[in-house]
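# Sequence first, predicted coordinates after that:
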Amino acid sequence: MHLRYIAIPSTIEHMDLADGTVLESQLRRGILPFCVLALLEREATYGFDVIKHLSSYEGLTTSEGTLYPMLSRLRREGLAETEWRESTSGPPRKYYRITAEGKATLQGFRQQWSVMSRAVDQLIFKEVHPK
């Protein structure tokens, strides 16, 4: 009996794994909205401050071109809301804060992330599964 193997195209074939930029971009795209919700859960803040906070974590640096459409999407989905506040250093600023639905979504992500990140770490770092 002869076995045949079929190669199925996947996204991993198209990732530039040598320098990690595409892989990092894909990972960041999936988790960044939840990181933003976590920041908004701590305190209401405006867009530029979100960018500064994210940039203080290695691998989470993002641009205005990425962040502002994401904040708009979070608002449209009911996960964040906005309010205008006066600024001492210029025009009023739009502040974003997490909603109750956003908090519930973030909590669900935290639970899933905990399970998934632990499993991936065990698998890729060859840790022995506790079962």
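Perfect, thanks for sending it.

# Would you map the helices across this structure?
21-42, 47-55, 64-76, 100-124 (DSSP state H).

# Would you tell me which of the ones you listed gets closest to Glu86?
Glu86 sits nearest to helix 47-55 of all the helices of the chain, at 15.6 Å, using CB to CB. Every C-beta, even on glycine, is put in place using the N, C-alpha and C of the backbone.

# Can you list the low-confidence ranges for this structure?
Applying pLDDT under 70 to the chain flags residues 1-20, 127-131.

# redo that, cut-off 50
1, 7 (pLDDT under 50).

# for it, which residue is closest to the average position?
Per CA atoms, centre = their mean, the C-alpha nearest to the average position across the chain is that of Leu32, at 1.6 Å.

# residues in contact with it?
By CB atoms under 8 Å, 6 or more residues apart in numbering, the contact set of Leu32 is 54, 60, 62, 66, 70.

# for the residues you listed, which one is nearest Tyr96?
Closest to Tyr96, out of all of those and judged by CB to CB, is Met70, at 10.3 Å.

# and the closest one, how far is that from Lys126?
For Met70, the distance to Lys126 equals 35 Å [CB to CB, to the nearest Å].

# higher neighbour count, these two?
Comparing Met70 with Lys126 by other CB atoms under 10 Å, the one with more neighbours is Met70, at 18 against 7.

# Would you mind measuring from the nearest residue to the more buried one once chain neighbours are set aside to Leu123?
Spatially, and ignoring its direct neighbours in sequence, Met70 is nearest to Pro33 (5.9 Å; CB to CB, 6 or more residues apart in numbering). From Pro33 across to Leu123, the span is 25 Å (CB to CB).

# So for these two, which residue has more residues nearby?
Pro33 (20 against 10).

# surely the more buried one meets Ser72?
No. With contact defined as CB atoms under 8 Å, Pro33 does not count as touching Ser72 (11.6 Å).

# Report the distance from stretch 67-76 to the chain centre.
Stretch 67-76 sits 12 Å away from the centroid of its parent chain (CA atoms, centre = their mean, to the nearest Å).
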